[in-house]
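Student: Provided below for reference: sequence and predicted model.
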Amino acid sequence: MSDIIKKQLEKVEKQEQKYLNQKENALQKKKKAFSHTLEQKIPLKLRENIQNAFYKGFLVIFEKGTDVIEKTYDKEKILWEYQFQDKKFCENKKRKQFKKLEKCANKSNRVNIAVTAVEGAGLGLLGIGLPDIPIFLAVILKGIYETALHYGYDYNDKREQIYILRLMRGAMAEQEQKQQCDELVEKTAEDIEKGIAVPYDFKQEVKKTSEIFSNAMLIAKFIQGIPLVGVTGSGYNVMVYHKILKYCHRKYKKRYLINKQ
């Protein structure tokens, strides 16, 4: 194993441990307690509607939306960039060259964050919370798809789609669920790389991911449904996008590095 790959994997490992062992500070505990109190005031019917909106949003996008999402970026150009940067890195195994590959994987996310902020704020001003869910999920998946391509992974493969759903759960899981979700992400990646079958029930995977998303975004979507005030809830969209893409980038980077050992 080259020094650069070893050092980069060690860096990823430290980041993962920090993520998994994150401790809540006093302010975070107070915010969590406040959120819990507010959640109790949200009608059960609205809770069910939010979860159902995420579930249907995921199904529609995975079944029919990938072609539409692909029209928002140049897939061939990204693949060419990956092949070029990958070839250069394989030739010299230099840190500088790896950073170029990593930079390419990161650059599109700045645009996606801006899109997330604009669509969330615009709908929030109008008091539209639930209808923006498919749009929001599409922007997240656009970011994940672009990241996957930049590290050489084909998101159209069914196993990779299951991996993506599990990635999203790993990124959004509550502290007590993080370890379990992260282990499943790692096991799925390992099985894919080894060519081992990945057992799954697609609708169940979507349901589990929808539950975690709806629980995490319950208050934001509730607030976003209130005209004018809703713009406050839109800021959470950006936070969620950043959180998910940071986690996904780390995992794709790790897979890439392990394959280059």
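Tutor: Nice, thanks for sending it over.
Student: Show the end-to-end separation of stretch 194-213, please.
Tutor: Using C-alpha to C-alpha, to the nearest Å, the end-to-end distance of stretch 194-213 comes out at 30 Å.
Student: pretty sure I244 is touching V139, no?
Tutor: No. In this structure, I244 is not within contact of V139 by C-beta atoms under 8 Å, at 10.4 Å. (Each C-beta comes from the backbone N, C-alpha and C, glycine too.)
Student: hey, where'd the helices end up in this protein?
Tutor: 3-20, 26-40, 44-60, 66-70, 75-92, 95-126, 133-150, 158-172, 175-194, 202-224, 230-259 (DSSP state H).
Student: so what secondary structure elements neighbour the last one?
Tutor: Packed against helix 230-259, as judged by 3 or more C-beta pairs under 8 Å, 6 or more residues apart in numbering; DSSP states H and E, are the following elements: helix 3-20, helix 95-126, helix 133-150, helix 158-172, helix 175-194, helix 202-224.
Student: Dump those to TSV, plus distance to L44, mean neighbour count and mean pLDDT.
Tutor: Output for the helices and strands packed on helix 230-259, formatted as TSV (distance: least, C-beta to C-beta, whole Å; neighbours: other C-beta atoms under 10 Å; pLDDT from 0 to 100):
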stretch	distance to L44	mean neighbour count	mean pLDDT
helix 3-20	32	14	93
helix 95-126	23	17	64
helix 133-150	18	23	90
helix 158-172	22	22	96
helix 175-194	22	15	95
helix 202-224	11	19	80
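Student: of all those, which lies closest to V68?
Tutor: helix 133-150 (7.6 Å; C-beta to C-beta).
Student: now the closest one against helix 44-60, angle please.
Tutor: Interaxial angle, helix 133-150 versus helix 44-60 (axes from the mean of the first three to the mean of the last three C-alpha atoms, to 10 degrees): 40 degrees.
Student: Let me know the angle separating helix 133-150 from helix 75-92.
Tutor: Using the same axes, to 10 degrees: helix 133-150 against helix 75-92 is 40 degrees.
Student: just how off-centre is helix 133-150 within its chain?
Tutor: Offset of helix 133-150 from its chain centre (C-alpha atoms, centre = their mean, to the nearest Å): 8 Å.
Student: Pull that helix out as CSV, backbone CA atoms only.
Tutor: Extracted as CSV, the C-alpha positions of helix 133-150 are listed here (Å, rounded to 0.1, in the frame of the first residue of the first chain):
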residue,chain,number,x,y,z
ILE,A,133,-40.0,16.9,-0.9
PRO,A,134,-39.6,15.2,-4.3
ILE,A,135,-37.6,18.3,-5.5
PHE,A,136,-35.5,18.2,-2.3
LEU,A,137,-34.8,14.5,-2.7
ALA,A,138,-33.9,14.9,-6.3
VAL,A,139,-31.3,17.6,-5.4
ILE,A,140,-29.8,15.3,-2.8
LEU,A,141,-29.7,12.3,-5.2
LYS,A,142,-28.2,14.5,-7.9
GLY,A,143,-25.3,15.3,-5.5
ILE,A,144,-24.9,11.7,-4.6
TYR,A,145,-25.0,10.5,-8.2
GLU,A,146,-22.3,13.1,-9.2
THR,A,147,-20.1,12.1,-6.2
ALA,A,148,-20.5,8.4,-7.2
LEU,A,149,-19.5,9.1,-10.8
HIS,A,150,-16.4,11.1,-9.7
